[in-house]
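Peer 1: Return a 3D structure for these sequence lines:
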Amino acid sequence: MSESIKVILKAKSIQLLVDFCIEEQIEFSARPQAFPDTDWEFNLMVKEIKTAVLTGMFLRENRIDIPGTTDQQKTKKPVAKKVREEEEKSPAAPVSEAKPENSEDKPEDKGLF
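Peer 2: Below you'll find the model as predicted:
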């Protein structure tokens, strides 16, 4: 397995990624983007699956997006209308409170108000 992961970074995040690559001994290449001028394109050469998983965890932890992937946690699936209608039609069964005997005779049980 010899794949590359392409990452687009702002100038302020470059040092963080370079430090990670050096620490984990990941080969990388960098080049400036044509537009906008502040972005850089990094290609991380991944040779093992363990390195790929570690890199993915690092990128996610530092909120660095990989172009071309969608984050499934960001998308929210709508609740089906049928489920909502069924919940509205069938309210929860009322809970009946059992009254102790002679509760009407004792004013202490009613409380202050």
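Peer 1: Report the rounded mean pLDDT for the longest helix seen in the chain.
Peer 2: When the chain is parsed with DSSP state H, its longest helix is helix 49-61. Helix 49-61 comes out with an average pLDDT of 92.
Peer 1: list the buried ones in it?
Peer 2: By neighbour count on 16 or more other Cβ atoms under 10 Å, the buried set for helix 49-61 is 51-52, 55, 58-59. No exception for glycine: its C-beta is placed from N, CA and C like everyone else's.
Peer 1: repeat for stretch 18-36
Peer 2: Buried residues in stretch 18-36 (16+ other Cβ under 10 Å): 20-21, 26, 28.
Peer 1: Tell me which of the residues you listed fall in strands.
Peer 2: residue 28 (DSSP state E).
Peer 1: Which one of the buried residues of stretch 18-36 is nearest to residue 8?
Peer 2: residue 28 (13.3 Å; Cβ to Cβ).
Peer 1: Give me the neighbour count for residue 67.
Peer 2: The tally of other residues near residue 67 (other Cβ atoms under 10 Å) stands at 8.
Peer 1: which SS class is residue 37?
Peer 2: coil (DSSP: H, G, I helix; E, B strand; the rest coil).
Peer 1: how close does it get to residue 11?
Peer 2: 9 Å (Cβ to Cβ, to the nearest Å).
Peer 1: can you list residues touching both of these two?
Peer 2: Contact criterion Cβ atoms under 8 Å, 6 or more residues apart in numbering; residues shared by residue 37 and residue 11: none found.
Peer 1: can you map out the strands along this structure?
Peer 2: 3-10, 27-32, 39-46.
Peer 1: As CSV, the ones you listed with mean pLDDT would be great.
Peer 2: Converted to CSV, the strands of the chain look like this (pLDDT from 0 to 100):
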stretch, mean pLDDT
strand 3-10, 89
strand 27-32, 93
strand 39-46, 92
